[in-house]
Structure formats: C-alpha cells, structure tokens
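I'll drop the sequence and a predicted model, then ask my questions.
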Amino acid sequence: MKRRVTLVALTLALAMLPVQASWGAASSPSLVAVIGGGLDGHASMYPSGVAVDPAGNIYVADAGNDRVCRFAPDGSEDWCQGSRGPKAPGRFENPRDVAFLAGEVYVADTGYNRVQVLDARTGDPLAVWPTRFGTIMGISAGKDGSGGNVILVTETSADKVRVYTTEGSLIRSIGQGSGSGPGQLSQPRDAATDDAGNIYVADYRNSRVAVFSPTGAWIGGWGVNGTGPGQFKRPYGVDLDQDGDVYVADSNNYIHRFHWDGRQADFVRTYGSPGTGSGRFSMLRRVAVGTSDATGTVRVHGADLWTYKVEVFAGNGSYVRTVGGRPPAEGFFNEPHGVAADDQYVYVVDMVNQRVQRFSSSTYAFQLAWGERGWGEGNPGFNWPKGVAISTNGGSPSVWVADTKNNRVTEFWPDGTPTGRRFGKVGAAVGQLRWPFAVVPSGTRLVVVDSNNDRVQLWDPSGPSVVWTATEGAGIPFAKPKAVAVSGGLAFVADTQNDRVVVLDAATGSFVRAFGADRLRSADGVAVEPWSGDVWVSDSVLHRLVEFSGTGTWLQSVGGLGTATGRFNKPRHLAIVRTGAGAGLLFAVDSWNDRVQVFGISG
C-alpha cells in the first residue's frame, strides 16, 4: 500500500549534543533536524487480545503501544496502563492477550515472558507472577472440573496450555507433545473453558479446535481447512458464551460460532467478514463474548490488530460499533529501526507500523510510504522489518529491506514498487536466513546480518547465492549481530551481544580485527565516515553514540538517556552521507523516542 502526503514533523535547530567525553580532535556532532517524534506515529490501538467483564467493559491488550486499556461498553476510554521502558510492574513489552476475572485483569506480557495482574477498576498493577515463560500468546479465565476459578496460559513455544490457580501456581499442562495427532498441539494461540471445565484450544497450525477434559485427557475436536464460513485457516482465538457455544477467531478474518455437543460441532453463524470497513476484519486475532449491560444483551468482540480496532456485534451477527480505528500518521513512527540515506532520499523502517517511509534529503519532508503487515512466502507484506539500504543496482538506484520475521531480503524501486528480486527463507543452511536485521551493498553484492543464526553473509542477488559466510564455524563467534557498514573494502559488524565491532574483509569474509568491548554495553548500529574512516556505533543500553577511529581507538561518546534533542532512548541503526570535504550528515534512529535525529559531523 502506497500513500503520499506533504506534511512532516520537522524540528530544525543548531545545537550541540551533550558530550560525555572527548578525545583528540574529535568534534562534537551538531543537531541539524529531527524527523518524526511524538505519538502521531502510533495508531489508536494495536489490539492483539480482548476480554469483557459482566458489565460490558472492554479490556484490550494493545501490543503495539505496550499497554493495556479499558473501554466502557459504549467505546469510550476509561484508562490505559503501561508504556515503553525498563521491565517493571505495570510496564509491558508487546502484550498479546488479556483476561478478566473477579475485578482483576490478567495480562500475557509476552515480550517480558511473564503474567501481570492489574486492578480492573483503575489499571494499577497488583502482582507479577514469578514464572518465566517461553512465548505466551494467550491468556484466559475459566473453570476447573469442580467449578473453581483457573487461569489458562497458552505457551505457544512449548505447544502447551498451562492451567494455573489465580495466584499463579501451576496445576497442570495440557497437550501431549507437538504434532497433529489426537491430544497433540502445534503452536496453539488461545484456550477457553466451558462451565464443566472442558478446555477448548485454538490449535493454530493444525487449523482446528482441540478439546480436552478438565484433567487434560483428549476428547476430540473439529476443523476443516478452508476460507469459507465454518472453515478454519489457522484459528487464533477462542471463547464460549453462557450457553456453551464456541466462538473462534480465525485468520481468514471471520468469527465462527459453533454448537459443540461433545462429539461434533454444528456451525451456527459468522460475525464480520474480510475487509477494512466497519464490521470487517483485516487481521483478526481474538474473540471475547459478553454482555453489554445489566439486561444481558449478548455482544461479540473481535480484536482486529492491523486495522487498529475492536469490532462489536450483537448475538445475531449485526454490527454494533467500532472501538478505536485511528491509523498511524504518515511522516511519524512507532519504534523506527533502520535508516538509509543518499543525496536524494532518506528511507526509514517504521518497524511496528510494518512500513518503509521516504523523506527528502534536502528538506526532510515526508514523500511516501509503502508496506503493510503480511507474512509467508507468497505474501508481499512486511513482518517486523529491521533494516534498509540503498543500492545503485548497476546504475539504477534501488532499496533493499531486511524483512526480519519473514526471514528474507526484498528489493524495491525508490517509489516502493517491488523489483521482483528477493531471497531467503527460514533456516540455518546455506541460502537460508533466520531473522536478518540488516543489509548493506558491497559493490553489486549485499552483506546480510543473519542475526539469529549468529552469522554474516555476502550474497550475490543475481543468483541468488551466498559468496561467503562469517560465523563461529569460520572462527568468528558472533552473538546476535544486528548491523553492518561497508567502507574501504572492509565490513564493520555490530556484534550486539558481544558488545563490540567486528571488522571483516568485505571480499572474503575473513577476520581483520575487533574493538569496542571496553566502551560498549551493546552494539546496535554502525556507520563509517567515508572521509576519515572513523566508525560510529549506537549503544542501546547506555543510550548513546560512540565514535572510534577506524582502527578501534575510542574518540568520544555522546548522548545519554532522555527525550531532549541530542539524547536517545534505544538508538538503533545509523547512516552517514558525505556533504563535502571532511564533512557529512549522521542519521541516528532514536527508536523509543519515535524519531530520527540528523547531525552534522566533521573532522
């Protein structure tokens, strides 16, 4: 999807960064501009989970804004709890689901691998469970076989549903291994119980609902793979109404309602349909069934993640209202990560919003954006992209994007149109990638940072084929590298969890040297001054930029944690554009401040 507007959040200033230390002739960067900033790049919500209480209040796991919110039955906001920041009670990292029980809200705090409990009236934090989970995607309140209250936590990475007391003590685990056989689960996303304590699981990769007894014995299930009413294409959410009917939020963007008699499921109706308008879904995630008021009027709620809204329906399927729905503004960001620039354009990877935005290099005015959420080999969308680079492509400029969670690298023309070239699929073998974080041209080839495989590769995109691989097996033990810059025949790799920069021969991938471990707590971005060979590194733990000579001598550290210009909150990728003899512009992605800061540098 391509969009064009002419406005941009732009702050022009002449200021000096706060310099923490300096050495020799290193001159401090001066602020030139700020691109983005503020909250306009955030949608009204990114609802991954939804729950309702008996009064009809709506609770939303707002994954992209790292918070949980409560809305009144009419859709007006009551409170929101959470923000970006260090791990602490009441703060969340990508919360994926919520559950309501007896005046408390239970939150699947996915990024922090934990469950938090909030006061449903105020949103105040009450408790943090001590258990450290793998990847938890779902949470719900239910009943055990005796009618007691339990909390179900869907631990997707373990192919299990865990049953807990309301205080967080494990009772049992549901699921008999990974697979598609009776009792097995494959990447489950959600679970719910009926009044008898039977457990219904949204068995995602098996495209079915799996049913277990309160003690975890396999009862049965149902599911027909397809896109029509009553058919599944990877169900994501499940809930039951007071009569025991089962509601399934499916990835084909329908909510399906079934009557299950213990042996078979009879299809009743659907709620919503694929699309972007009122009463439609573009990426349905969860379903919650409740009432709207004391009269007991049934309401069915669907969390539509990437159209930023919760859709509400009556029990008969008719549309009632939309909660939320405001998209992120163009020219602004939500956790930007990658940046590339030349004398014409600046490209920024707007990670949470699953898009790339282009700005003028002379005025920093917004020009266009492209991208939308999508995953899978045949889907053109982005899945949490991290890196971007500009290539001359034999004379015709193009843009390469590291589409991180799609495990691929894709080429576009400057207007966002795909060129038709892309490479990579998930895996660790030659020609495969696992979460590429960065891509940078080296002549007609591309250096790719293959982060979760702990390696760096040189690709020839014309094949595509891998020319060389630098990894532990080749004597270079990387630990989650996340960025790379190429200059003067050398590749400078931000070896993130080893807190250093590793320098490779760009032609062969052989080790040259490493530096920075005595000055860095993390290495998240790297760029090289073409006139001096000095190396700039972003440190997201200490929230600063660090300059080294090309041979690794520390020159200066600038920045520090803050929201004022010249300070940073989780700086990520960097880019440098030469503007004259011994001078240029340094573009620094200031991720958690939702902006890119532009500095003049020289020396």
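That came through, no problem.

strands of the stretch 151-300 of the chain, start to end?
Using DSSP state E, counting those that start in this stretch, the strands of the stretch 151-300 of the chain run over residues 160-164, 170-174, 190-193, 199-203, 208-212, 218-222, 235-240, 246-250, 255-260, 265-271, 273-274, 280-281, 284-291, 298-304.

name the stretch among those that sits most buried.
strand 199-203 (a mean of 29; mean count of other Cβ atoms under 10 Å). Yep, even glycine has a C-beta here, placed from its N, CA and C like the rest.

next, the angle strand 208-212 makes with it.
150 degrees (axes from the mean of the first three to the mean of the last three Cα atoms, to 10 degrees).

sorry, back to before: mind putting the strands of the stretch 151-300 of the chain in TSV, distance to residue 120 included?
Shown next, in TSV, are those (distance: least, Cβ to Cβ, whole Å):
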stretch	distance to residue 120
strand 160-164	18
strand 170-174	23
strand 190-193	19
strand 199-203	24
strand 208-212	28
strand 218-222	32
strand 235-240	18
strand 246-250	22
strand 255-260	24
strand 265-271	25
strand 273-274	32
strand 280-281	26
strand 284-291	13
strand 298-304	16
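
what's the closest of those to residue 573?
Residue 573 sits nearest to strand 284-291 of all the strands of the stretch 151-300 of the chain, at 29.0 Å, using Cβ to Cβ.

so what's the residue nearest to residue 90 when sequence neighbours are not counted bridging to?
Of all residues not flanking residue 90 in the chain, residue 125 sits nearest, at 3.7 Å (Cβ to Cβ, 6 or more residues apart in numbering). Applying DSSP bridges to residue 125 yields these beta-bridge partners: residue 118.

returning to that earlier point: among the strands of the stretch 151-300 of the chain, which is nearest residue 68?
strand 298-304 (12.5 Å).

who does that closest one pair up with?
When DSSP bridges is applied, strand 298-304 pairs with strand 284-291 (antiparallel), strand 309-314 (antiparallel).

make a markdown table out of those and add distance to residue 237 and mean pLDDT.
As requested, the strands paired with strand 298-304 are exported to a markdown table (distance: least, Cβ to Cβ, whole Å; pLDDT from 0 to 100):
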| stretch | distance to residue 237 | mean pLDDT |
| --- | --- | --- |
| strand 284-291 | 4 | 95 |
| strand 309-314 | 12 | 98 |
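
would you reformat those strands as a markdown table and include distance to residue 219?
Below are the strands paired with strand 298-304 laid out as a markdown table (distance: least, Cβ to Cβ, whole Å):
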| stretch | distance to residue 219 |
| --- | --- |
| strand 284-291 | 21 |
| strand 309-314 | 29 |
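
pLDDT weak spots in this protein?
1-25, 293-295, 378, 393-394 (pLDDT under 70).

list the residues that contact residue 454.
471-472, 477-481 (Cβ atoms under 8 Å, 6 or more residues apart in numbering).

mind listing what the nearest residue to residue 130 once chain neighbours are set aside touches?
What sits nearest to residue 130 in space, not counting adjacent residues and going by Cβ to Cβ, 6+ apart, is residue 168, at 6.8 Å. By Cβ under 8 Å, 6+ apart, residue 168 lies in contact with 115, 127, 129-131, 151.

quick check: next helix or strand after the strand ranked longest in the chain?
In the chain, taking DSSP state E as the definition, the longest strand is strand 571-580. Next in sequence after strand 571-580, counting helices and strands by DSSP states H and E, comes strand 583-590.

and the angle from that next one to strand 571-580?
170 degrees.

what's next to strand 583-590, contact-wise?
By Cβ under 8 Å, 6+ apart, strand 583-590 touches 29, 32, 336-339, 341, 346, 348, 525, 527, 529-531, 536, 538, 545, 568-579, 596-602.

CA atoms only for that strand, dumped as CSV, please.
Output in CSV follows, covering the C-alpha atoms of strand 583-590 (Å, rounded to 0.1, in the frame of the first residue of the first chain):
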residue,chain,number,x,y,z
ALA,A,583,32.0,16.7,6.5
GLY,A,584,28.7,14.9,6.3
LEU,A,585,25.4,14.1,8.0
LEU,A,586,24.9,11.4,10.6
PHE,A,587,21.3,9.9,10.7
ALA,A,588,20.6,8.2,14.0
VAL,A,589,17.4,6.1,14.6
ASP,A,590,16.2,7.1,18.1
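
for the closest residue to residue 222 other than its chain neighbours, list each beta-bridge partner.
Nearest residue to residue 222, sequence neighbours excluded (Cβ to Cβ, 6+ apart): residue 265, at 4.2 Å. Listed beta-bridge partners, residue 265: residue 260 (assigned using DSSP bridges).

same question, residue 433
residue 426.

dump the residue contacts of it.
407-409, 424-427, 448, 450, 453.

chain center to stretch 274-281, what's the gap?
Centroid displacement of stretch 274-281 relative to its chain, using Cα atoms, centre = their mean, to the nearest Å, is 23 Å.

distance between the ends of it?
5 Å (Cα to Cα, to the nearest Å).

ok, now stretch 187-199?
Span of stretch 187-199 from end to end, Cα to Cα: 16 Å.

can you check stretch 426-438 too?
16 Å.

and the helices in the stretch 301-450 of the chain?
Assigned by DSSP state H, counting those that start in this stretch, the stretch 301-450 of the chain shows no helices.

need the contact partners of stretch 459-472.
409, 411, 421, 423, 430-431, 444-448, 453-458, 476, 478, 493, 504, 508-511.

change it to 6 Å
Stretch 459-472 is contacted from outside by 421, 423, 430-431, 445-446, 448, 455-458, 476, 504, 509, using Cβ atoms under 6 Å, 6 or more residues apart in numbering.

how close does the residue nearest to residue 130 sit to residue 201?
21 Å (Cβ to Cβ, to the nearest Å).

could you list the buried residues of the host helix or strand of residue 468?
Using DSSP H and E, the element containing residue 468 is strand 465-470. Residues 466-470 are the ones in strand 465-470 that count as buried (16 or more other Cβ atoms under 10 Å).

and which of the residues you listed is nearest residue 279?
residue 466 (47.8 Å).

strands paired with the host helix or strand of residue 492, and their directions?
Here residue 492, judged by DSSP H and E, is contained in strand 490-495. Sheet pairing of strand 490-495 (DSSP bridges) gives strand 483-487 (antiparallel), strand 500-505 (antiparallel).

now the longest one: buried residues?
Along strand 500-505, these residues count as buried under the neighbour rule (16+ other Cβ under 10 Å): 500-504.

quick one on the thing from earlier: the residue nearest to residue 90: what's it in contact with?
89-90, 118.

next one: residue 89
125, 128.

can you tell me how far it is from residue 53?
Counting by Cβ to Cβ - residue 89 and residue 53 are separated by 22 Å.

repeat that for residue 240.
Counting by Cβ to Cβ - residue 240 and residue 53 are separated by 16 Å.

burial check on residue 415, number of neighbours?
12 (other Cβ atoms under 10 Å).
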